[in-house]
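Student: Predicted coordinates and the sequence they were generated for:
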Amino acid sequence: MTAPKKSPAKRAYLMASGDLRASANQRCWPEQAKMEAILVKALKAEGWKCQRAHKFDPAKGHGFIDSQKMGMEVFRKLDPDAPLIVAEAVWQYSHHLLHGLLTHRGPILTVANWSGIWPGLVGMLNLNGSMTKAGIRYATLWSEDFTDENFKRGLRQWLETGTVTHDESHVRDLSTVNLPAADEKLGRRAGRELREQKAIMGVFDEGCMGMFNAIIPDELLHPTGVFKERLSQSSLFAAMREVTDAEAGAVLAWYLKKGVKFHWGSNSETELTEAQTLDQCKMYIAAVRLADEFGCATIGIQYQQGLKDLTPASDLVEGTLNNVDRPPVKCAKTGNVLYAREALPHFNEVDECAGLDGLVTYRLWRELGFPPESTLHDLRWGQSYPVNGKDEYVWVFLISGAAPPAHFNGGWKGASSERQPPMYFRLGGGTLKGISHAGHIVWSRVFIMDGKLHCDLGVARVVDLPAEETERRWRETTPQWPIMHAVLSGVTRDQMMARHKSNHIQVVYAPDEKKAHRACRIKAAMLAEMGLDVHLCGDVRLD
């Protein structure tokens, strides 16, 4: 008599990617441990066991995978066919895991919390975008407490099939719709002009914080007419040293005359100091001069990890560059004002997908006669809130740098600069903080999927919230950063999470709702002419 076959063990690996910086991992570990305990309980309720793929390290004070080296060591010991859950309660570096996920044969599930303070959803979106670019099959889930029916249903589906089904009915391929002839003609012409005239994207070191999804391969970028000038952040640091104290002082005087509020203190380890701000003014001048020297139409500064041990943060610089009204910078040799009466579009964290998007937007909005200032934000978090008597899902768009004062209530007078958190920014430096004004925007995201460049576009409203609600949302996220309260048109929270292939989202204002829809259509045609696969998301009107 033969022994009956044992049913396969219902066991899944659990792992967590973290930051590269020990201080961040140590501070965030308790929240990650709390989330993992809830996940283990949820799996147990389905009859599954959860085996952590790597142990808590008492010497480090956390249980995150904190380097690519460590990640490879962990994956070497795993069964490549076993189910694998990547749980994220905080920001993480995707390259710590990407190598192992690329060759893992078992089903992969990414899971994130839903919190502003602990931005696991931001980290997971970056990992999802990176896996999409790499061609890795995965499923994804998110939850506020991991007890809701949607999460439990999705988890059960993944445990049974290795997949999770989400609603993406809000997405329409541009190839399946008919745009108004005039809009299509204008957009196509703008796309051809950029392709034929070409433009240079200045990249100050690639690959910030492991964001594989933020790097556009040259063979995909070149057909759009945009070409990279690979610059070194060491060159930027060297150029800063050539800027005089008097030149930096003149930029600071410009800010002060405009009404920018600097929250200066005396303790440089925990407070913003005037000396830090002056160093940021030098970085601003140096960046403009280098961009001019190399003929750049757009630039992106990585800062993290390259400059964090050398200079204060680049955020004040980035937001200033993205504003048409900004301190003048003169060529050191000729004395001519560089990029006069123009913004120099900057893509935060050297996200090249946002860089291409920002350049396209700037050129097109100039042609349309609209204010051309745009920025990326983190798709940070959100909650429902009554707006004009109607319950709306109001997203918190938030980013440390790149947001231009043209977006803020009061412009420069509504802007302030506060010290970046010491946990991430040892040498300090100020942000460019403000509250984005009410109005209509076009949002977008360029991403890479199936070996091609894609772009999702939609429209949204920026709404005013009561001051106390804005302050609460700041406290729940990062109060030093600029904030935008956005209501997406025709896209639910979960549809956005299921579809979006990045932690970043690009936004730009239009004069009114009708013009926002028209500009979105024209931009879609422009991107299509440049060779991108374009998708309209939500309620984008076609007339």
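Tutor: Perfect, thanks for sending it.
Student: Let's see the longest strand seen in the chain as CSV, backbone CA atoms only.
Tutor: Ranked by residue count under DSSP state E, the longest strand found in the chain is strand 374-387. This file holds the C-alpha atoms of strand 374-387, laid out as CSV (Å, rounded to 0.1, in the frame of the first residue of the first chain):
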residue,chain,number,x,y,z
SER,A,374,4.7,72.1,-14.0
THR,A,375,6.0,69.7,-11.4
LEU,A,376,6.0,66.1,-10.3
HIS,A,377,4.6,65.1,-6.9
ASP,A,378,4.5,61.9,-4.9
LEU,A,379,1.2,60.2,-5.1
ARG,A,380,1.5,60.3,-1.3
TRP,A,381,-1.9,59.5,0.3
GLY,A,382,-5.5,60.6,0.5
GLN,A,383,-8.8,60.5,2.3
SER,A,384,-12.4,61.4,1.6
TYR,A,385,-13.5,65.0,2.5
PRO,A,386,-16.6,67.0,1.9
VAL,A,387,-16.0,69.6,-0.9
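Student: In three-state terms, label R289 for me.
Tutor: With DSSP: H, G, I helix; E, B strand; the rest coil as the basis, R289 sits in helix.
Student: Check the model's average confidence along the longest strand of the chain for me.
Tutor: The pLDDT scores in strand 374-387 average 98.
Student: next one: stretch 475-491
Tutor: The model assigns stretch 475-491 a mean pLDDT of 97.
Student: Could you do stretch 408-416 as well?
Tutor: Stretch 408-416 comes out at a mean pLDDT of 98.
Student: re earlier: how far out from the middle of the chain is the following helix or strand past the longest strand of the chain?
Tutor: Heading C-terminal from strand 374-387, the first helix or strand you meet, by DSSP states H and E, is strand 390-398. Here the centre of strand 390-398 is set off from its chain's centre by 17 Å, with CA atoms, centre = their mean, to the nearest Å.
Student: mind listing what strand 390-398 pairs with, with the direction of each?
Tutor: Using DSSP bridges, strand 390-398 pairs in its sheet with strand 374-387 (antiparallel), strand 483-488 (antiparallel).
Student: Quick one: closest of those to H263.
Tutor: Among those, strand 483-488 comes nearest to H263, with 16.2 Å by CB to CB. C-beta: built from backbone N, CA, C; applies to glycine.
Student: so after that closest one, what's the next helix or strand?
Tutor: Downstream of strand 483-488, the first helix or strand assigned by DSSP H and E is helix 493-499.
Student: which parts of that following helix are buried?
Tutor: Neighbour-count burial for helix 493-499 flags 495-499 (criterion: 16 or more other CB atoms under 10 Å).
Student: and the gap between the residue nearest to R230 when sequence neighbours are not counted and E229?
Tutor: Using CB to CB, 6 or more residues apart in numbering and skipping residues adjacent in sequence, the residue nearest R230 is V203, 5.4 Å away. Separation of V203 from E229 (CB to CB, to the nearest Å): 7 Å.
Student: List of residues touching stretch 240-256?
Tutor: 262, 274, 277-279, 281-286, 311, 327-329, 332, 412 (CB atoms under 8 Å, 6 or more residues apart in numbering).
Student: Would you list the buried entries among the residues you listed?
Tutor: 262, 277-279, 281-286, 311, 327, 329, 332, 412.
Student: now, which of these lie within helices?
Tutor: Of these, the ones assigned to helices by DSSP state H are 277-279, 281-286.
Student: May I see those organised as JSON lines, with distance to D378 and pLDDT added?
Tutor: What follows is these, written out as JSON lines (distance: CB to CB, whole Å; pLDDT from 0 to 100):
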{"residue": "T277", "distance to D378": "24", "pLDDT": "98"}
{"residue": "L278", "distance to D378": "28", "pLDDT": "98"}
{"residue": "D279", "distance to D378": "25", "pLDDT": "98"}
{"residue": "C281", "distance to D378": "26", "pLDDT": "98"}
{"residue": "K282", "distance to D378": "27", "pLDDT": "98"}
{"residue": "M283", "distance to D378": "22", "pLDDT": "98"}
{"residue": "Y284", "distance to D378": "23", "pLDDT": "98"}
{"residue": "I285", "distance to D378": "28", "pLDDT": "98"}
{"residue": "A286", "distance to D378": "26", "pLDDT": "98"}
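Student: Pick the one among the buried residues of helix 493-499 closest to D456.
Tutor: R499 (6.9 Å).
Student: doesn't C537 make contact with that closest one?
Tutor: Yes. Between R499 and C537 there is a contact under CB atoms under 8 Å: 7.1 Å.
Student: Mind listing the shared neighbours of those two?
Tutor: 170-171, 456.
Student: Let's see if you can find the most crowded of these.
Tutor: Most neighbours among the shared contacts of R499 and C537, by other CB atoms under 10 Å: D456, with 25 neighbours.
Student: got a list of what that residue touches?
Tutor: Residues near D456 by CB under 8 Å, 6+ apart: 171, 444-445, 447, 499-501, 535, 537.
Student: What pLDDT is listed against it?
Tutor: On the pLDDT scale, D456 gets 98.
Student: Kindly calculate the angle that the host helix or strand of it makes with strand 390-398.
Tutor: Under the criterion of DSSP H and E, D456 resides in strand 452-462. Interaxial angle, strand 452-462 versus strand 390-398 (axes from the mean of the first three to the mean of the last three CA atoms, to 10 degrees): 120 degrees.
Student: Just the CA trace of strand 452-462, in PDB.
Tutor: The C-alpha trace of strand 452-462 is given here as PDB (Å, rounded to 0.1, in the frame of the first residue of the first chain):
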ATOM      1  CA  LYS A 452       7.900  50.700 -24.900                       C
ATOM      2  CA  LEU A 453       7.300  54.200 -23.600                       C
ATOM      3  CA  HIS A 454       3.700  54.800 -22.400                       C
ATOM      4  CA  CYS A 455       1.900  57.800 -20.900                       C
ATOM      5  CA  ASP A 456      -1.300  57.900 -18.900                       C
ATOM      6  CA  LEU A 457      -3.100  61.300 -18.900                       C
ATOM      7  CA  GLY A 458      -6.200  62.700 -17.100                       C
ATOM      8  CA  VAL A 459      -7.700  65.800 -15.700                       C
ATOM      9  CA  ALA A 460      -8.300  66.800 -12.100                       C
ATOM     10  CA  ARG A 461      -9.400  69.600  -9.800                       C
ATOM     11  CA  VAL A 462      -7.200  71.200  -7.200                       C
END
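Student: What pairs with that strand, parallel or antiparallel?
Tutor: strand 439-449 (antiparallel), strand 483-488 (antiparallel), strand 533-537 (parallel).
Student: still on that earlier bit, so the residue nearest to R230 touches S232, yeah?
Tutor: No. Contact criterion CB under 8 Å: V203 and S232 do not qualify, at 9.7 Å.
Student: Neighbour count for those two, which is higher?
Tutor: The neighbour count for V203 versus S232, taken as other CB under 10 Å, is higher for V203 (24 against 12).
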